[in-house]
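Enquirer: I would like to see how this sequence folds:
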Amino acid sequence: MRTLLNLFLSTILIFLFSCEEVVEVDLQESEPRLVVEASIIWEKETSGNNQIIILSTTASFFNSENPPAEGALVIVSSSIEEVYEFSEVAPGVYENNNFKPEIDETYTLSINYNNEIYTASEKMISVVDLENVEQSLNGGFGGDDIELKAYYSDPSEVENFYLFKFFFDDSSLQIYNDEFTNGNRTFAYFSDEDLKTGDQVNFQIQGISERFYEYLYILSSQAGENNGGPFQTQPTTVRGNIINTTNAENFAFGYFRLSQSDTLIYEVD
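Expert: You can find the predicted model right below:
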């Protein structure tokens, strides 16, 4: 009986393994598109001379990294005809060491890649100072985590848009407009359940344009959607301000923007 049972199990296993078939998924791949990471950030109390622009291309579904876009000609010029050429210092990484930022100055990015010209224009946006940080134990879902509030005073004369960055273990982002706080002293809020005495948190505030704010808002909205299963509506393609003047259909991803920033470093009590 044991022999018959062993023979039966062996037959079943042979049948199962003989039926194993490798399923190949045939995914339709589009042509690679240019991806532009062009954030010119001018930190207060610095010259802002050193700036970096990163170019890559979209990758296939099974490729976890975007290939660098090498051999491009990258130039940023001002409205008063100051020209800054960015040299490739590593694959897809372009650097300029003599950039001269000016508040409210309009700059134009020009990229010549694979014999196609991409352009974008944006103003350098100013930002207020971060003033101080207040700490309390009211954060988190339970209301007993450390919370930090970084205060700043919003100018009343103009409509302002902000990007906040918080650096602790990892970085997190918040975007904000002054529709309900115009002209008031207000704060950016940060809390983390792992915060403890002696930890250091870096707060950064950046001034951004309304158009860039809207771009980030759409991206953040889509990041929180379409998690309900495979039958959810797929997100639309979010396009920035970069235009392919040679071939409009071969548009690029990414955004060219210029922001003044202020940073405040806080150590948790």
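Enquirer: quick one: residues contacting the residue nearest to residue 33 when sequence neighbours are not counted.
Expert: Distances taken as Cβ to Cβ, 6 or more residues apart in numbering place residue 58 nearest to residue 33, at 4.8 Å, with adjacent residues excluded. (Each C-beta comes from the backbone N, C-alpha and C, glycine too.) Residues near residue 58 by Cβ atoms under 8 Å, 6 or more residues apart in numbering: 30, 32-33, 35, 66, 253.
Enquirer: identify the bridge partners of the closest residue to residue 171 other than its chain neighbours.
Expert: Spatial nearest neighbour of residue 171, excluding adjacent residues (Cβ to Cβ, 6+ apart): residue 165 at 5.8 Å. Using DSSP bridges, the bridge partners assigned to residue 165 are residue 173, residue 204.
Enquirer: next, the buried residues of stretch 80-99.
Expert: 84, 86, 88, 92-96, 99 (16 or more other Cβ atoms under 10 Å).
Enquirer: the residues you listed in strands, which ones?
Expert: 84, 86, 88, 93-96 (DSSP state E).
Enquirer: now the residues you listed as a markdown table including distance to residue 42 and pLDDT?
Expert: Shown next, in a markdown table, are these (distance: Cβ to Cβ, whole Å; pLDDT from 0 to 100):
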| residue | distance to residue 42 | pLDDT |
| --- | --- | --- |
| 84 | 13 | 98 |
| 86 | 16 | 98 |
| 88 | 23 | 98 |
| 93 | 19 | 98 |
| 94 | 18 | 98 |
| 95 | 16 | 98 |
| 96 | 13 | 98 |
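Enquirer: closest one of those residues to residue 108?
Expert: The closest of these to residue 108 turns out to be residue 84 (Cβ to Cβ; 10.7 Å).
Enquirer: that closest one against residue 74, yeah?
Expert: No. Applying Cβ atoms under 8 Å as the test, residue 84 and residue 74 come out as separate, 9.2 Å apart.
Enquirer: in TSV: the buried residues of stretch 80-99, plus distance to residue 133.
Expert: What follows is these, written out as TSV (distance: Cβ to Cβ, whole Å):
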residue	distance to residue 133
84	35
86	35
88	40
92	37
93	34
94	35
95	33
96	33
99	30
